[in-house]
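[1] I'll drop the sequence and a predicted model, then ask my questions.
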Amino acid sequence: MIEVHHLYKSFNGQGVLEDVSLQVKKGEILVILGESGSGKSVFLKHLIGLLRPDSGSVSINSWDITRMTEQELLRIRKDMGYLFQEGALYDFMNVFENIAFPLREHTAFDAETIRMKVYNILKLIGLEGVEQKYPAELSGGMRKRVALARAIILDSKILFCDEPTSGLDPLRSRNISDLLHEVAKKLHCTTVVASHDIQNSLRIADRLALLQSGRIVAFGTPSEFKISSNMFVKEFII
C-alpha cells in the first residue's frame, strides 16, 4: 500500500530524515513514534506529498508520488484523509459545514446526499446533535472528533494523523485513540499516525516505528517493542 525507500530530507543544511525506509500494509495502523524534533511530522507530510524529499521515494499503491505534479497529487489525495495536530477546523463554519466542506469541494453530491453523509459520520464518531455548533463551542476532544470526521468523509482509503491526542487529558486521549482505532478498522483504512503518546500508541498500533534524530531505530509490533533490548526503546516506552 505505502512504500518508502531511502528518504532523505534536510532544511538549511540540517538533516531531518536520514535514510528512512519502511512499508505500511493495507489496512494496518502504523504509529510513528519519536521525541519532539525527531522528524515525525516531516515524515508524515512526505507521505501525502506536502513536502518533497531531497532523495528517495514514496509510493502509494505503486505510484511514486515524489515524481507527481501538483495536479496529479490532487487526484491521489482524494483517497487520503489528513487529521492535523490542531484539528484545523474553520472557525467561521459550524460542525456540519466543516464536515461537509470536502464533499462540496470534491464531489457532485446533491444537498440531501451531503446531509445524510454528514449525519452518518457524526453518528459514527458519537457526536449526533452538535452539527449547528461552532468550533469555539466544542471541547478539545470534540474538535478532534469533528476533524477526524472531516478527514474520512470522502471514504478515505488512507488516513494520516499528526499527533491526534496532542493537548488532551489522559482520559480524552484514550477515548480519541480508541475512536481512531475503531474507525480505521471499520472503514478498512490504511492508517499512519505520528505520535509521542506512547501508551495509547502501544494499545492501538498494529506496528510501530521509532524515530531518533531522523532515523528509524526500531520497527515492529507492540509486543516486540515491549521486549526490545534496544536501550532507546526501553527508555522511550517506560
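    Yes, it's here.

[2] what residues of the lengthiest helix in the chain count as buried?
    Once the chain is assigned using DSSP state H, the helix that runs over the most residues is helix 170-187. Across helix 170-187, burial judged by 16 or more other CB atoms under 10 Å covers 172, 173, 174, 175, 176, 177, 179, 180, 181, 183, 184, 187. C-beta here means a position set from N, CA and C on the backbone, and glycine is covered the same way.

[3] and if you look at stretch 133-147?
    Under 16+ other CB under 10 Å, the buried positions of stretch 133-147 are 134, 135, 138, 140, 141, 142, 143, 144, 145, 146, 147.

[4] quick one: which of these is nearest residue 124?
    residue 145 (9.7 Å; CB to CB).

[5] list of residues touching the helix or strand immediately after the longest helix of the chain in the chain?
    Downstream of helix 170-187, the next assigned helix or strand under DSSP states H and E is strand 190-195. Applying CB atoms under 8 Å, 6 or more residues apart in numbering, the contact partners of strand 190-195 are 1-2, 24-34, 40-41, 43-44, 47, 157-165, 180, 184, 201, 204-205.

[6] strand 190-195 to helix 170-187, inter-axis angle?
    Calculated by axes from the mean of the first three to the mean of the last three CA atoms, to 10 degrees, strand 190-195 forms an angle of 160 degrees with helix 170-187.

[7] shift numbering so it begins at 36
    All right, first residue 36 from here; so that's strand 225-230.

[8] where's residue 143, which helix or strand?
    Per DSSP H and E, there is no helix or strand for residue 143.

[9] ok, it to residue 60 distance?
    33 Å (CB to CB, to the nearest Å).
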